[in-house]
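*Asks:* Show me the folded form of this:
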Amino acid sequence: MKRILILLTLMSMVFGFMAFQCSSTELTSAKLYIQQKNFAKAKESLLKEVEKNPQSDEGYYYLGYVNGEQGDMPAMLENFEKSLEISNKLQKNIEDHKKYHWAENFNKGVGLFNKAAKVDDKDSTDMYLYRAIEHFNFAIACQPDSADTYKNLIFAYKSLGQYDKTIEEYEKSLDLKYADDLAEEYGETLLYLGNEATRAYETSKDPQDSVRAYQYWSKAISVLEDRVKANPENTTMLENLYKLYRLTQGLEVTLEKVEQKISEYPNNKLNYYVKGVLQLGKNRYPEAAAAFQKSLDIDPDYEDAAYNLGITYFNWGARLFNESLEAENPTEEYKEKFELAKPLFETYLELNPEDASGWENLAKVYTQLGDNEKAKDAFQKADDLRQQL
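*Replies:* Down below sits the predicted model:
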């Protein structure tokens, strides 16, 4: 389990106590108790104050202050809200106090999460994670616009394996300043939950599991479509969006979606790459080759597109070779495709020399082109790499 790396410098808060005229005996006593850090007595006096004077904004403010010092965040926030309902003259003090407790609870959550990462016992790990979640929730209650707090809360739920618990937190966080990062993670989480529901269906055969998968995937599409409009170059979101289209609407509809994106963003290499992958999956080699080549025209260093263009020519050549074996007048047209695949595989392996499958594919190309010595060497490299695994 990874540790949360986001830490905050805990703010030091010094609360001055305002000298309002005509303070009641209860309020005066409470302030004195607070200065003495006798919070139990202060709370007792403040409860009497607000009972006698329900419009005591100062009484509710100090009661909230005491609640915070005692670690009762829900009561703190409730009493601060009551103070603000009466008047807003203590609003600045309340906001400063909430910021202080946000930072304090945030850092406590981080500390507990990191403790969870250091222990091996599952019960202890879970205990620390649940306590971290409690503090992150308190921090969010104090500062609901803190994206970092949501990130860490979500991380803690995922560490517990409770991915379904993250949905509500993702929904709350989507309008915050780190919304793009969170939307990307949210889409991946919904994709994962849909896949898990599908696996459950394969075992249970319960239609509700299949329905849940579709609901997760549909929600992910909605989230990612909204974000991709503003971030057409975000490759992770686009790739996941195309996966989701394929899962929910099939290949042909996905191809239509890709074509639409190409018309909207004609210089986006990923859209052409995905089109190539989809066409290659249907053995439509001319269409796949054209799409991969277009992607490379936009970015000549796009390694995945170059390798898959090589695979396209390789498979295309293999099909032509098999057809030539059955033809009355066989040709060697297939060699042209293997010749096109060869430099693509060679360049790829210069950058990825540890890829055994790449060496095997290149060996087969050499074989088809009659270069038996190079084929032998390439097959040997593939075997050596696999033996190292």
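*Asks:* can you give me the offset of the helix or strand Lys275 falls within from its chain's centre?
*Replies:* Using DSSP states H and E, Lys275 sits within helix 269-281. The chain centroid and the centroid of helix 269-281 are separated by 24 Å, computed with C-alpha atoms, centre = their mean, to the nearest Å.
*Asks:* buried ones in that helix?
*Replies:* Burial within helix 269-281, assessed by neighbour count using 16 or more other C-beta atoms under 10 Å, is assigned to Lys269, Leu270, Asn271, Tyr272, Tyr273, Val274, Lys275, Gly276, Val277, Leu278, Gln279, Leu280. Heads up, the C-betas are built off the backbone N, CA and C, glycines and all.
*Asks:* What lies in contact with stretch 353-363?
*Replies:* 307, 310-311, 314, 341-342, 345-346, 348-349, 352, 374-376, 378-379, 381-383, 385-386 (C-beta atoms under 8 Å, 6 or more residues apart in numbering).
*Asks:* Just the buried residues out of those, in PyMOL syntax.
*Replies:* Filtering these down to the buried ones (16+ other C-beta under 10 Å) takes a single PyMOL command:
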select buried, resi 307+310+311+314+341+342+345+346+348+349+374+375+378+379+381+382+385
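*Asks:* Restricted to helices, list the contacts of stretch 353-363.
*Replies:* 307, 310-311, 314, 341-342, 345-346, 348-349, 374-376, 378-379, 381-383, 385-386 (DSSP state H).
*Asks:* buried residues in the helix or strand following the helix holding Lys275?
*Replies:* The helix or strand immediately downstream of helix 269-281 is helix 285-298, counting by DSSP H and E. For helix 285-298, the neighbour count (16+ other C-beta under 10 Å) marks Tyr285, Glu287, Ala288, Ala289, Ala290, Ala291, Phe292, Lys294, Ser295, Leu296, Ile298 as buried.
*Asks:* out of these, who's nearest Tyr130?
*Replies:* Closest to Tyr130 out of the buried residues of helix 285-298 is Ser295 (46.8 Å), distances taken as C-beta to C-beta.
*Asks:* Wait, the closest one touches Gly276, no?
*Replies:* Yes - with contacts counted by C-beta atoms under 8 Å, Ser295 reaches Gly276, the gap being 6.6 Å.
*Asks:* what sits against the residue nearest to Ser124 when sequence neighbours are not counted?
*Replies:* Nearest residue to Ser124, sequence neighbours excluded (C-beta to C-beta, 6 or more residues apart in numbering): Ala116, at 7.7 Å. Residues counted as contacts of Ala116 (C-beta under 8 Å, 6+ apart) are Met1, Ser124, Thr125, Asp126, Tyr128, Leu129, Ala132, Ser159.
*Asks:* could you flag which of these are buried?
*Replies:* Met1, Thr125, Tyr128, Leu129, Ala132, Ser159.
*Asks:* Can you mark which positions in the helix or strand harbouring the fifth one are buried?
*Replies:* Here Ala132 sits within helix 122-142, counting by DSSP H and E. When neighbours are counted by 16+ other C-beta under 10 Å, the buried residues of helix 122-142 are found to be 125, 128-129, 131-142.
*Asks:* now do stretch 152-171
*Replies:* So, applying 16+ other C-beta under 10 Å, buried residues of stretch 152-171: 152-160, 163, 166-167, 169-170.
*Asks:* Go through the residues you listed and name the one nearest Glu51.
*Replies:* The closest of those, once distances to Glu51 are taken by C-beta to C-beta, is Leu153, at 36.3 Å.
*Asks:* The closest one and Tyr170 touch, don't they?
*Replies:* No - using C-beta under 8 Å as the test, Leu153 is too far from Tyr170 to be in contact (10.1 Å).
*Asks:* Grab the most central residue of the chain for me.
*Replies:* Glu185 (1.5 Å; C-alpha atoms, centre = their mean).
*Asks:* sorry, back to before: got a markdown table for the buried residues of helix 269-281, with distance to Leu244 and pLDDT too?
*Replies:* As requested, the buried residues of helix 269-281 are exported to a markdown table (distance: C-beta to C-beta, whole Å; pLDDT from 0 to 100):
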| residue | distance to Leu244 | pLDDT |
| --- | --- | --- |
| Lys269 | 20 | 94 |
| Leu270 | 15 | 93 |
| Asn271 | 15 | 94 |
| Tyr272 | 19 | 96 |
| Tyr273 | 17 | 96 |
| Val274 | 12 | 95 |
| Lys275 | 16 | 96 |
| Gly276 | 19 | 96 |
| Val277 | 15 | 95 |
| Leu278 | 14 | 94 |
| Gln279 | 19 | 95 |
| Leu280 | 20 | 95 |
